[in-house]
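1. Provided below for reference: sequence and predicted model.
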Amino acid sequence: MHSHYLSTSRSNPQFYTFSQVFEKAAILDPLWKEDVQQSAWLDFWKREGHEFLEQKWHKQYPEYKQAIELATPEERAAWQKLWEKHASDQSAHFWHIFSCVLENYERDLSNGLKDVGHTLTDIDEHFTYLDINQTDATIASVECNEEDQDYLTANDDPDFLDEEQQLRLLGLPTSFGVKSATSRQKPKQKPPSESESDSDMSNEKDEMHAVKARAIRKKKRQKNSKIPQFMRDDNLLLKYWFKRFSLFSRFDQGIVLDRESWFSVTPEKIAKQTARRLACDVIVDAFCGCGGNAIQFANTCGRVIAIDIDLNKLTMAKQNAAIYGVAHKIEFVHADFLQFASTTRLRPDVIFLSPPWGGPDYQKQANFDIEQNLLPLGATQLMEHARRLTDNIGFFLPRSSNIKQVIALTHAGEQCEVEHNYLDTRLVAITAYYGKSLVKSQK
């Protein structure tokens, strides 16, 4: 089974979640796919599907708002008919993307349920769509020029894209398609007039080339000047820069991140989903980092206690929270969570664990061992510390985490819920929920 890779928007990717409830044994219900599919689709549509639908509508018909106010009954009926067709067409488009994500989820879940140490031979995180014949040079070029690429967004009409673009954006092979060269054709040069001499043409061409070259260099300098120095020569980190608005939608208002935070912060849409699931009176964010999760918890919880051992990260978290207007709702605590859990008298409703994953190298592991690779302790020990304060725990884990190990953290006789989080068609992370008040359904 192959993965479908499809991008819609760097700043506002479509977000899908698939979740299942497990008991101590990692056993799938034979009818799991049908139930998960229906639940995930309804969840997506309720959360953001209708919003995407309206965005597309108002872009295609900017005159609608004004026209509908003065419309006659006949005109209103015509608008209604047009809206129904629009909704039907776009829903089919969203459903196609969703179906690709569902297939990816089925594959990712199957891989996650394999034993620790199992090696996957068909995974390459550097694939772009399904073109697996790229060279390293091509990959580097794609990453470095990602900001200039065409992306299919919810507000773009695929009918206006050429055949190859559509195949790529829908995650389909392009090998058998007719490649169109229209999108990157150079403008045709005008034929020289009879009055122009070769020397005149040469001088003019040289002058124009010099002007154009200076303009390109200036534009490139201006574009690169915004990129942090430590990221400019690191292609691995550079890809996070291009996705910065999916990390924080208000990034350009003064968000601050250090090197580690770029690859450890929770993307905003996932943080919002987690905050909805963990809504309570008092929550502890045990490894708050630069504040991506704590900011969203402040919108759903009565009291947020954000803990981190790194004072610099706490300072950044405070500034970032202020940009979102929630700094006054968060108590920032400079401490080691392990010591905090051993000494505090606080009994929160929920604890959220998002420990360091060991840097971006975690992506190279086809089956991430959560007992060996999490920092500062393995998953079982972290859970033991958290359970001194509460049984209701949310655990944010790498996308390739071994699901059997995740389920094994469940108390005997209880259940856990494992949620796979996708931005567009790519799995980003896994969130596991423990405790009777957090698991959606009990058998």
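-> It's in.
2. Tell me the secondary structure at Arg10.
-> Assigned state for Arg10: coil (three-state reduction, DSSP: H, G, I helix; E, B strand; the rest coil).
3. Now the phi/psi pair for it, please.
-> Backbone dihedrals for Arg10, given as degrees, to the nearest 10, come out at phi -70, psi -40.
4. pLDDT wise, what is it at?
-> Here the pLDDT value assigned to Arg10 is 72.
5. count of residues packed around it?
-> Using other Cβ atoms under 10 Å, Arg10 is surrounded by 19 other residues. Glycine gets a C-beta too; all of them are placed from N, C-alpha and C.
6. which residue ranges form the strands in the stretch 151-300 of the chain?
-> Ranges of strands in the stretch 151-300 of the chain, per DSSP state E, counting those that start in this stretch, are 282-285.
7. so where do the helices sit in it?
-> 163-169, 198-225, 229-232, 235-242, 244-247, 259-264, 268-277, 292-297 (DSSP state H, counting those that start in this stretch).
8. Could you list every helix and strand that the fifth one packs against?
-> This means helix 244-247. helix 268-277 (3 or more Cβ pairs under 8 Å, 6 or more residues apart in numbering; DSSP states H and E).
9. Check what pLDDT Leu346 gets.
-> In the predicted model, Leu346 carries a pLDDT score of 96.
10. what phi and what psi does the backbone show at His334?
-> The phi/psi pair for His334 (degrees, to the nearest 10) is phi -90, psi 100.
11. What distance do you get for it to Asp310?
-> Remark: distance between His334 and Asp310 (Cβ to Cβ, to the nearest Å) = 8 Å.
12. Which residue of these two possesses the greater neighbour count?
-> Set His334 next to Asp310 and count neighbours by other Cβ under 10 Å: Asp310 wins out with 17 against 12.
13. that older thread, of the helices of the stretch 151-300 of the chain, which shows the lowest average pLDDT?
-> The weakest mean pLDDT among the helices of the stretch 151-300 of the chain belongs to helix 163-169, with a mean of 46.
14. pLDDT averaged over the longest helix anywhere in the chain - what is it?
-> Using DSSP state H to define each element, the chain has its longest helix at helix 73-112. Averaged across helix 73-112, pLDDT comes to 91.
15. Any buried residues in it, and which?
-> Within helix 73-112, the residues that count as buried by 16 or more other Cβ atoms under 10 Å are 86, 90, 93-94, 97-98, 100-109, 111-112.
16. Determine the set of other helices and strands touching it.
-> So helix 73-112, by 3+ Cβ pairs under 8 Å, 6+ apart, packs with strand 15-22, helix 32-44, helix 50-60, helix 64-69, helix 403-408, strand 416-423, strand 426-434.
17. Out of the ones you listed, flag the one nearest Cys288.
-> Proximity to Cys288, assessed across the helices and strands packed on helix 73-112 by Cβ to Cβ, is greatest for strand 426-434 (16.0 Å).
18. Name the surrounding residues that touch the closest one.
-> The contact list for strand 426-434, computed with Cβ atoms under 8 Å, 6 or more residues apart in numbering, reads 5, 104-105, 108, 112, 266-267, 270, 273-274, 277, 383, 391-399, 401, 403, 406, 409-411, 414, 416-422, 439-440.
19. Tell me the buried residues in that strand?
-> By 16+ other Cβ under 10 Å, the buried positions in strand 426-434 come out as Arg426, Leu427, Val428, Ala429, Ile430, Thr431, Ala432, Tyr433, Tyr434.
20. As CSV, could you dump the C-alpha coordinates of that strand?
-> Provided in CSV are the C-alpha atoms of strand 426-434 (Å, rounded to 0.1, in the frame of the first residue of the first chain):
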residue,chain,number,x,y,z
ARG,A,426,0.8,13.7,5.9
LEU,A,427,0.8,12.2,9.4
VAL,A,428,2.4,14.8,11.8
ALA,A,429,2.1,13.3,15.2
ILE,A,430,0.1,11.0,17.5
THR,A,431,-1.8,12.0,20.6
ALA,A,432,-2.8,9.4,23.2
TYR,A,433,-5.4,10.0,25.8
TYR,A,434,-5.6,8.1,29.1
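21. Let me see the mean pLDDT of that strand.
-> In the prediction, strand 426-434 has an average pLDDT of 96.
22. what's the angle from it to helix 268-277?
-> Calculated by axes from the mean of the first three to the mean of the last three Cα atoms, to 10 degrees, strand 426-434 forms an angle of 20 degrees with helix 268-277.
23. ok and strand 426-434 relative to strand 15-22, angle-wise?
-> 40 degrees.
24. what are the pairing partners of strand 426-434, and which direction each?
-> Taking DSSP bridges as the criterion, strand 426-434 forms sheet pairs with strand 393-398 (antiparallel), strand 416-423 (antiparallel).
25. follow-up on the earlier one: so which of the helices and strands packed on helix 73-112 is nearest Lys318?
-> That would be strand 426-434 among the helices and strands packed on helix 73-112, by Cβ to Cβ, at 24.4 Å.
26. related to what we said a few turns ago, please produce CSV containing the buried residues of strand 426-434, extended by distance to Val282.
-> Output for those, formatted as CSV (distance: Cβ to Cβ, whole Å):
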residue, distance to Val282
Arg426, 34
Leu427, 31
Val428, 28
Ala429, 24
Ile430, 25
Thr431, 20
Ala432, 21
Tyr433, 17
Tyr434, 17
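27. from these, which is closest to Val21?
-> Once Cβ to Cβ is applied, the member of the buried residues of strand 426-434 that ends up nearest Val21 is Tyr433, at 9.1 Å.
28. re the thing from before, take the helices and strands packed on helix 73-112 and lay them out in a markdown table including distance to Asp258.
-> Formatted as a markdown table, the helices and strands packed on helix 73-112 follow (distance: least, Cβ to Cβ, whole Å):
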| stretch | distance to Asp258 |
| --- | --- |
| strand 15-22 | 26 |
| helix 32-44 | 33 |
| helix 50-60 | 33 |
| helix 64-69 | 44 |
| helix 403-408 | 29 |
| strand 416-423 | 23 |
| strand 426-434 | 20 |
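29. Tell me how many other residues crowd Leu374.
-> Leu374 has 24 neighbouring residues, counting by other Cβ under 10 Å.
30. excluding its backbone neighbours, what's nearest Asp349?
-> Spatial nearest neighbour of Asp349, chain neighbours left out: Cys280 (3.8 Å); criterion: Cβ to Cβ, 6 or more residues apart in numbering.
31. Could you pull up phi and psi at that neighbour?
-> The phi/psi pair for Cys280 (degrees, to the nearest 10) is phi -160, psi -170.
32. From Ile307, how far out is it?
-> In terms of Cβ to Cβ, Cys280 sits 16 Å off from Ile307.
33. The two: which is more packed in?
-> Set Cys280 next to Ile307 and count neighbours by other Cβ under 10 Å: Ile307 wins out with 22 against 17.
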